[in-house]
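Colleague: please find the sequence and the predicted model below.
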Amino acid sequence: MSSAKGPSIGIDLGTTYSCVGVFQHGKVEIIANDQGNRTTPSYVAFTDTERLIGDAAKNQVAMNPNNTVFDAKRLIGRKFNDQVVQADMKHWPFKVVSDGGKPKVQEISSMVLVKMREIAEAYLGQKVSNAVITVPAYFNDSQRQATKDAGVIAGLNVLRIINEPTAAAIAYGMDKGMSRERNVLIFDLGGGTFDVSILTIEDGIFEVKATAGDTHLGGEDFDNRLVSHFGKISEEDKKKVVDRCDQTISWLENNQLGDKEEYEHQLKELEKVCQPIITKLYQQGGMPTGCCGDQARTSSGASSQGPTIEEVD
């Protein structure tokens, strides 16, 4: 496609969730899907009779795990024999096969992109073909091109592929209407990737000063670390964990609130198990206190709202 007529949308194609937005009425609007949610699971499922995308796909994953595909972003643009791909395959219930030395994943990502376009079209009341798609700052050329290819397969005119922290900074700058020079730190911790960038914003001009990150570090790595931790405990202790979970569920049914001390204790246990990953976040994020002085800091991404991460902000 070469035409750039009509509205343009921005799509955040995430590892675990995706969202779509449009700039209108002087501000960025993130569009809710038909479930009323502004984020949509990056899941695609296949049944005997239909293909499901988004919430519908994720809601049936327990009943149809072998035919429900997720984490496509962790595959896109990588070779099948990539050590990262081989390691990730151990965590997935679905099979990954080689297609000329690469996992065939662009089609899955394109289906999620089609869903995002349909959400935008339902909201705007007109056809949409032009899109800007965001990717992690540390995506290489192969990953960027594969993402663009997914957009083309989805029938989109991909105007540009831009870095996720840069997109967050642009939205932040437009929302705040900054006129004087500001240094902004963008901390973007998603379900599968991590980026941190420092930008200067002045009179609508955005300049990236520094970027660090990891294309394979996110909330799912916290989950996998916990699974690995519990997999090492004895069968007797596993039974104790299950019994305690049953007790907790029963307690929660009758209690909406718990003592602060109880939650803090559990949080400390979680942090202890995941500490190596949290430490890596700090190191890769270059998090010395006062790095932005009295300037602005903003966080984005599906995994950036945890208490430990908020302490960094």
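Modeller: Cool, got the structure. Residues are numbered from 1 along each chain as shown.
Colleague: which residue ranges of this structure form helices?
Modeller: Ranges of helices within the chain are 55-59, 83-88, 106-124, 141-153, 164-176, 219-231, 235-254, 260-285, 307-312, based on DSSP state H.
Colleague: for Arg38, which of those helices is the nearest?
Modeller: helix 106-124 (9.6 Å; C-beta to C-beta). Where C-beta positions appear, they are placed from N, C-alpha and C, glycine not excepted.
Colleague: so which elements touch that closest one?
Modeller: If you count contacts as 3 or more C-beta pairs under 8 Å, 6 or more residues apart in numbering; DSSP states H and E, helix 106-124 packs onto strand 8-12, strand 17-24, strand 40-41, strand 44-46, strand 51-53, strand 130-135, helix 141-153.
Colleague: and the spatially closest residue to Gly204 that is not a sequence neighbour, how many neighbours?
Modeller: In space, and not counting its chain neighbours, Gly204 is closest to Gly173: 7.2 Å by C-beta to C-beta, 6 or more residues apart in numbering. When neighbours are counted by other C-beta atoms under 10 Å, Gly173 registers 20.
Colleague: need the helices and strands packed on helix 106-124 in JSON lines (columns: mean neighbour count, mean pLDDT and distance to Leu124).
Modeller: Below are the helices and strands packed on helix 106-124 laid out as JSON lines (neighbours: other C-beta atoms under 10 Å; pLDDT from 0 to 100; distance: least, C-beta to C-beta, whole Å):
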{"stretch": "strand 8-12", "mean neighbour count": "23", "mean pLDDT": "96", "distance to Leu124": "8"}
{"stretch": "strand 17-24", "mean neighbour count": "20", "mean pLDDT": "94", "distance to Leu124": "7"}
{"stretch": "strand 40-41", "mean neighbour count": "24", "mean pLDDT": "96", "distance to Leu124": "16"}
{"stretch": "strand 44-46", "mean neighbour count": "20", "mean pLDDT": "96", "distance to Leu124": "24"}
{"stretch": "strand 51-53", "mean neighbour count": "18", "mean pLDDT": "97", "distance to Leu124": "19"}
{"stretch": "strand 130-135", "mean neighbour count": "22", "mean pLDDT": "96", "distance to Leu124": "12"}
{"stretch": "helix 141-153", "mean neighbour count": "18", "mean pLDDT": "96", "distance to Leu124": "18"}
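Colleague: tabulate those (TSV), appending distance to Thr166.
Modeller: Listed next are those as TSV, based on distance: least, C-beta to C-beta, whole Å:
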stretch	distance to Thr166
strand 8-12	11
strand 17-24	14
strand 40-41	22
strand 44-46	27
strand 51-53	27
strand 130-135	8
helix 141-153	13
